[in-house]
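Undergrad: Kindly return the folded structure for what I paste below:
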Amino acid sequence: TQQTLVLNGLRDRVKLQTDGQLKTGRDVVIAALLGAEEYGFATAPLIAMGCIMMRKCHLNTCPVGIATQDEELRKKFSGQPEHVMNYFFLMAEEIREIMAKLGYRSMDEMIGQTQHLEVNKRGLNYKSRGLDLTPLLTPASELNPSAGIKNRTTQYHGLDKAKDNELIEKAMGALENKTPVVIEGELTNLNRTVGTMLSYEVSKRHGAAGLPDDTILLKTKGHGGQSLGFTLAKGITLTVEGDSNDYTGKGLSGGKIAVFPSQAVIDDGFHAEDHVVVGNVALYGATAGKAFFRGKGGERFCVRNSGALAVVEGVGDHAAEYMTGGHLVVLGETGRNFGAGMSGGIAYIFDPEDKFPARCNMGLVGLEDVETVQEKEELYSYIKEHVDMTGSVVGQSMLENWDETVQKFVKVMPHDFKRVLMEREAAKAEAA
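TA: Residues are numbered from 1 along each chain as shown. The predicted model follows:
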C-alpha cells in the first residue's frame, strides 16, 4: 500500500492505518517503518481486560463476562480501565526505547523508513527461505523521490459549499428560539448528506432531545444525493418530491424523512409502487425517527435499524438484516433473505399471495398474524401517517378496506425479542 501510493503521488493525501495481531511495541515500530501512521489493537487490550480466549463470543457464554448479556456471567467481569491503560503505557515505553536506539525523537520521523528493517535469517524455515522480501523492504522514497511518504496534505471536502450552510442560515430562528420555519429548495445528486450539518447545529444547542417535531420543515424537489438526511436530528422534517440515492436516512436520529414522486409525474401515469424511489442501504443503523417512501426501496433496507419507523412500498434483497429495534412496514413485495440476523424490532409485510415465507430467513424469526386490536390500530396509524406524508395511493386503498387488508399482513417477530417482551409483561403484571 505504501509503495503503490507513493509511486502514484497519492501517499501525502491519506493516513494509513494497520491492524492485525499488533501486541508489542516492536510490532508498532515495524508497522511505522513500513509506512503506517495509525495502529489498531483488539486482542491484546481484550486480554488486558481479562479475556481468556475461550472463543465463545458468539454463544453468549463468555466465562469471564466480557462478550455476554447474561447477568450472572457479567458479574464475573473483573476488568478495569486502568488495566488497559497500563498495557498501553508499557507499550509506549517499549516504543520509546526502540526509537532511541534508531535515533528518532518522534513517531512522525520514523514513518516509512524501511531502511532499518531486514530479514531475520534465523527465523527462516525451509518454506520461507525461498522468499525474497527485498521489494517489500525497498524504501518507497526511492521509487518516487518527488512524492511524499507520509500524510502532509489536508484534503478539501467542499463543506463551505454544502447545501446545509444555506439551510442553517434560514433556520437560525428555529435553532435559537424554536420558532417553526419552512424552507423550500431544489436538490441535485451533488447535494450529499443534506440535513447533517443542520442536525449538528440542533444537537449542539439542544442535545439529544432535539427540537419539537416539525420545527424545521425542509420541503425540497429534485434528486437527493447520497446519505440524504444522515443522522437527521429530532425536530427536522425533510421531504423530497422526487427520488433519492443510496444511504437515505443513514443513522436517522429522530428526524422525519419522506420521499415521493411529484404529482405531475403521477398524473402522467407513473405508478410509484412499481419503481424504486430510494437507493440501497436506506436507514442503515437508524436509531430513532420516521421515514416514509412512496415507492420501492433498494437492497439492504433497514439494515441494523434499532429504533426508527419505516414505511415503504416494496424492498429488495436482504432487508431488515441485523435489525435490533424499531418497526418496518412493507406495503409490497420483498426480495430474498429478509430478516437475516434480525434479533429485535417488528416488521409487517403485506403478503396477499403468500410469497413472503419463502423469501424470509427463518434463522432468528417467526411469522405470525396481526391479531390484537392494539397491533391493528398501531399498524393502521403507521400506514395513515405514510399516506399523509406521501399521498400514497397504495396506502390509501389499504386503509379504505382495512378489515380485509389487515388479514393479509404477516408479522415478522424475532424469537428472543418476543421472549423479552413477554418477560416484561409478566414482570409488570406481577408488580401490579
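Undergrad: So Gly242 belongs to a strand, correct?
TA: Yes: applying DSSP: H, G, I helix; E, B strand; the rest coil, one finds Gly242 inside a strand.
Undergrad: what's the burial count for it?
TA: Residues contacting Gly242 under the criterion other CB atoms under 10 Å number 19. For the C-beta atoms, the positions are set from N, CA and C on the backbone; glycine is no exception.
Undergrad: The one 3 residues further on too?
TA: Around Asn245 sit 19 other residues, with neighbours defined as other CB under 10 Å.
Undergrad: What score does it have for pLDDT?
TA: We have a pLDDT of 97 for Asn245.
Undergrad: need the contact list for it.
TA: 189, 223-228, 278-279 (CB atoms under 8 Å, 6 or more residues apart in numbering).
Undergrad: and the gap between it and Ile236?
TA: 19 Å (CB to CB, to the nearest Å).
Undergrad: Tell me the one among the contacts of Asn245 nearest to Asp70.
TA: Nearest to Asp70 out of these is Ser227 (CB to CB; 36.8 Å).
Undergrad: correct me, but the closest one touches Gly195?
TA: No: using CB atoms under 8 Å, Ser227 is not in contact with Gly195, being 9.3 Å away.
Undergrad: Give me the residue at the spatial middle of this protein.
TA: Per CA atoms, centre = their mean, the C-alpha nearest to the average position across the chain is that of Gly285, at 4.1 Å.
Undergrad: Next up, the contacts around that one.
TA: If you count contacts by CB under 8 Å, 6+ apart, then Gly285 has 250-251, 303-306 around it.
Undergrad: again with Gln3
TA: Listed by CB under 8 Å, 6+ apart, the contact set of Gln3 reads 138, 140, 143.
Undergrad: would you say it is within a helix?
TA: Yes: per three-state DSSP, Gln3 lies within a helix segment.
Undergrad: Kindly state the pLDDT recorded for it?
TA: 93.
Undergrad: Buried subset of the contacts of Asn245, written for ChimeraX?
TA: The ChimeraX selection below is limited to those of the contacts of Asn245 classed as buried (16 or more other CB atoms under 10 Å):
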select :223,224,225,226,227,228,278,279
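Undergrad: Glu299 and Gly316 touch, don't they?
TA: Yes: using CB under 8 Å, Glu299 is in contact with Gly316, at 3.7 Å.
Undergrad: Residues that sit against both of those two, list them.
TA: Residues touching both Glu299 and Gly316 by CB under 8 Å, 6+ apart: 280, 335.
Undergrad: Strands along the stretch 101-250 of the chain, start to end?
TA: Counting by DSSP state E, counting those that start in this stretch, the stretch 101-250 of the chain has strands at residues 181-187, 216-224, 236-244.
Undergrad: which residues of the stretch 1-150 of the chain fall in helices?
TA: Secondary structure of the stretch 1-150 of the chain by DSSP state H, counting those that start in this stretch: the helices cover 2-7, 25-34, 43-48, 71-74, 81-102, 107-110, 134-137, 140-143.
Undergrad: wait, I meant the stretch 301-432 of the chain
TA: Counting by DSSP H, counting those that start in this stretch, the stretch 301-432 of the chain has helices at residues 373-390, 393-400, 402-405, 415-431.
Undergrad: could you redo these as a markdown table and give each row mean pLDDT, mean neighbour count and distance to Glu37?
TA: Listed next are the helices of the stretch 301-432 of the chain as a markdown table, based on pLDDT from 0 to 100; neighbours: other CB atoms under 10 Å; distance: least, CB to CB, whole Å:
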| stretch | mean pLDDT | mean neighbour count | distance to Glu37 |
| --- | --- | --- | --- |
| helix 373-390 | 97 | 17 | 46 |
| helix 393-400 | 97 | 16 | 52 |
| helix 402-405 | 96 | 12 | 58 |
| helix 415-431 | 90 | 11 | 42 |
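Undergrad: possible to save the ones you listed as a markdown table with distance to Gly366?
TA: Converted to a markdown table, the helices of the stretch 301-432 of the chain look like this (distance: least, CB to CB, whole Å):
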| stretch | distance to Gly366 |
| --- | --- |
| helix 373-390 | 15 |
| helix 393-400 | 24 |
| helix 402-405 | 22 |
| helix 415-431 | 6 |
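Undergrad: and Lys127, which of those helices is closest to it?
TA: Across the helices of the stretch 301-432 of the chain, Lys127 has its closest neighbour in helix 415-431 (46.7 Å, CB to CB).
Undergrad: related to what we said a few turns ago, quick one, which of the helices of the stretch 1-150 of the chain is nearest to Asn120?
TA: helix 25-34 (11.2 Å).
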